[in-house]
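Peer 1: I'll drop the sequence and a predicted model, then ask my questions.
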Amino acid sequence: MSLRALSRLVGLDRGYLSRLERGLVHRPADDKLRAIAAALEVSTTDITERRDITMTTALRPIPPVDDSGTDPAELVHYTPYQVADHGWLPMAGRTLRDMAVKRRVPHSQAGGRITFTLAHVREIAASYEVRPITETKHGA
């Protein structure tokens, strides 16, 4: 949902919503948070809870590719926050969403929503893997 649309729904200034989204509003009023959550059809916890995953957190393995090529799980689309909640990537959902908006990571964008398939997650994870020193330019 765009900030303009959200602004119309909740009756708040677009600039305020932008500052809130970027973390520049440190103590938003409870009534404003409830209005925003209601407009987005989520709980207030969903929009206020910090979902950071640090690099030291053990990542969960991404489900393996099915050899048959017909695995329905490969067609499921996950939101950035679902990917972060599963612990498949070393970043928070917000960071993953921002990277997708800037087109730094592969993703799908249907109906204005950013989503990730398991193939996207695997590709992103592969780009963050640390290669052995023998495979780098300086180690060879």
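Peer 2: Perfect, thanks for sending it. Keep in mind it's a predicted model, so treat the numbers as computed, not measured.
Peer 1: helix or strand for A126, which one?
Peer 2: Secondary structure from DSSP states H and E places A126 in helix 118-128.
Peer 1: sketch out the low-pLDDT regions of this structure for me.
Peer 2: 49-74, 129-140 (pLDDT under 70).
Peer 1: how much space is there between the residue nearest to T115 when sequence neighbours are not counted and V83?
Peer 2: Closest residue to T115 apart from its sequence neighbours, by Cβ to Cβ, 6 or more residues apart in numbering: H77 at 3.7 Å. Backbone N, C-alpha and C define where each C-beta goes, glycine included. Distance, H77 to V83, by Cβ to Cβ, to the nearest Å: 10 Å.
Peer 1: any idea how far S2 is from the residue nearest the centre of the chain?
Peer 2: The geometric centre of the chain, computed from its C-alpha atoms, lies nearest to P80 (Cα atoms, centre = their mean), at 2.4 Å. According to Cβ to Cβ, P80 and S2 sit 17 Å apart.
Peer 1: output the contacting helices and strands for the helix or strand encompassing A35.
Peer 2: Per DSSP H and E: A35 is located in helix 30-40. Under the contact definition 3 or more Cβ pairs under 8 Å, 6 or more residues apart in numbering; DSSP states H and E, helix 30-40 sits against helix 3-10, helix 44-48.
Peer 1: winner for burial among those?
Peer 2: With neighbours defined as mean count of other Cβ atoms under 10 Å, the helices and strands packed on helix 30-40 peak in mean count at helix 3-10, which reaches a mean of 14.
Peer 1: which other residues reach that helix?
Peer 2: Residues outside helix 3-10 that contact it (Cβ atoms under 8 Å, 6 or more residues apart in numbering): L12, D13, R14, L17, S18, E21, K32, A35, I36, A38, A39, L40.
Peer 1: run the last query once more with 6 Å
Peer 2: R14, L17, S18, A35, I36, A39 (Cβ atoms under 6 Å, 6 or more residues apart in numbering).
Peer 1: which segments of this protein make up each domain?
Peer 2: Structural domains of the chain, as assigned by automatic domain parsing, span the residue ranges 3-48, 51-140.
Peer 1: of the contacts of helix 3-10, just the buried ones, ChimeraX syntax please.
Peer 2: To isolate the buried subset of the contacts of helix 3-10 in ChimeraX, counting by 16 or more other Cβ atoms under 10 Å, use the following:
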select :17,35,36,39
